[in-house]
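Peer 1: next comes the sequence, and after it the predicted model I'd like to discuss.
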Amino acid sequence: MDRLTEEALCDLQAQVLVLRMALRALIRTHPDPDACLAAWRTTVSDIASGPAVLPVYARGSEYVTERCHAFAEDWTAELVEHAVACKGS
């Protein structure tokens with residue numbers, strides 16, 4: 001892998017990590033985990049309603065849409081775990 005490609009890949013991975021950290025901080029401080037989960041599910045369903053939610057450059061990419069759904073499923077699972085843990089405390 002050439003240096004520019006490696007740097008670009010590292011930048012993207014770092015951005016994803018920071019976004020995940022920000023989302024974890026958000027759900028940890030949200031006063032109503034169930035409402036947070038409901039809002040998340042609504043947002044995810046917006047993606048399924050059409051490509052308009054995706055940026056223009058990604059609308060024609062089935063791969064981007066597929067990866068978006070996969071990451072959304074991961075986040076849904078994390079939010080569910082958090083909501084369940086809050087009910088148990």
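Peer 2: Received, thanks.
Peer 1: what about the helices in this protein?
Peer 2: 3-29, 33-48, 62-88 (DSSP state H).
Peer 1: contacts for stretch 78-89?
Peer 2: Residues from elsewhere that reach stretch 78-89 (CB atoms under 8 Å, 6 or more residues apart in numbering): 24, 27-28, 33-34, 36-37, 40. No exception for glycine: its C-beta is placed from N, CA and C like everyone else's.
Peer 1: biggest separation within these, which pair?
Peer 2: 24 and 34 (17.2 Å; CB to CB).
Peer 1: let's have the contacts of stretch 78-89 in CSV, adding pLDDT.
Peer 2: Formatted as CSV, these follow (pLDDT from 0 to 100):
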residue, pLDDT
24, 86
27, 86
28, 86
33, 89
34, 90
36, 91
37, 91
40, 90
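Peer 1: buried ones among those residues?
Peer 2: For those, a neighbour count by 16 or more other CB atoms under 10 Å gives the buried set as 27, 33, 36-37, 40.
Peer 1: need the residues you listed in JSON lines with distance to residue 11, can you?
Peer 2: Converted to JSON lines, the buried ones among the contacts of stretch 78-89 look like this (distance: CB to CB, whole Å):
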{"residue": "27", "distance to residue 11": "25"}
{"residue": "33", "distance to residue 11": "32"}
{"residue": "36", "distance to residue 11": "29"}
{"residue": "37", "distance to residue 11": "30"}
{"residue": "40", "distance to residue 11": "26"}
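Peer 1: the residue nearest to residue 23 when sequence neighbours are not counted: neighbouring residues, count only.
Peer 2: The spatial neighbour of residue 23 that comes closest, neighbours along the chain excluded (CB to CB, 6 or more residues apart in numbering), is residue 75 at 6.8 Å. Residue 75 has 17 neighbours, counted by other CB atoms under 10 Å.
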